[in-house]
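Student: quick one, fold the following:
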Amino acid sequence: MVEIEVTGTTVTVQVVGGHQVLALREHITFDLANITAVVRAEVDLRPPWVRAPGTFFPGVIAAGTFRGKGRKEFWDTRFDGRAVRIELDGAPFTRLVVDVDDPDLTLHALRTAVAA
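Tutor: The predicted structure is shown next:
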């Protein structure tokens with residue numbers, strides 16, 4: 001699970017608890033201008049094939065960095081319907097798929113911040 005904070009034009013995704021060990025990352029920072037889309041993640045969405053570094057147990061958890069053809073994605077989800085998908089352009093990652101406490105509130109906050 002992660003906590004997402006918007007400060008000015010900077011977005012910080014803070015990985016919390018034991019997920020830091022599974023994802024091998026504490027946080028990700030990028031600019032609001034890099035966001036191209038923010039939506040609820042599809043429950044059947046799966047990460048790219050190459051995991052480097054991170055954890056993946058099909059249908060249970062995906063946590064860490066995953067690479068595919070022209071993509072570098074960060075995932076921290078348990079595939080339980082609480083994930084948001086953030087599409088990025090010009091940032092170190094091309095996509096984030098992360099679980100949050102309240103997906104609707106997170107979507108609203110990010111969309112409002114991007115529109116401002």
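Student: so what's the residue nearest to A83 when sequence neighbours are not counted up against?
Tutor: Excluding its sequence neighbours, the residue lying closest to A83 (Cβ to Cβ, 6 or more residues apart in numbering) is A41, at 3.7 Å. In this view, the C-beta of every residue, glycine as well, is placed from N, C-alpha and C. For A41, the contact set (Cβ atoms under 8 Å, 6 or more residues apart in numbering) comprises 77, 83-85, 97.
Student: residues near the closest residue to D31 other than its chain neighbours, how many?
Tutor: With sequence-adjacent residues excluded and distances taken as Cβ to Cβ, 6+ apart, D31 is closest to T9, at 5.6 Å. By the measure other Cβ atoms under 10 Å, the count of residues near T9 is 12.
Student: what's T9 sitting at in phi/psi?
Tutor: T9 adopts backbone torsions of phi -110, psi 10, taken as degrees, to the nearest 10.
Student: could I get the pLDDT score of the residue most central in space within the chain?
Tutor: The chain has L96 as the residue nearest its centroid, 2.8 Å off, counting by Cα atoms, centre = their mean. For L96, the pLDDT comes out at 98.
Student: give me the secondary structure label for it.
Tutor: strand (DSSP: H, G, I helix; E, B strand; the rest coil).
Student: checking my notes, E5 in a helix, right?
Tutor: No: counting by three-state DSSP, one finds E5 to be strand, located in no helix.
Student: give me the nearest residue to it, chain neighbours excluded.
Tutor: The shortest distance from E5 to any non-neighbouring residue, by Cβ to Cβ, 6+ apart, is to T12 (4.8 Å).
Student: then R78?
Tutor: Nearest residue to R78, sequence neighbours excluded (Cβ to Cβ, 6+ apart): I61, at 5.2 Å.
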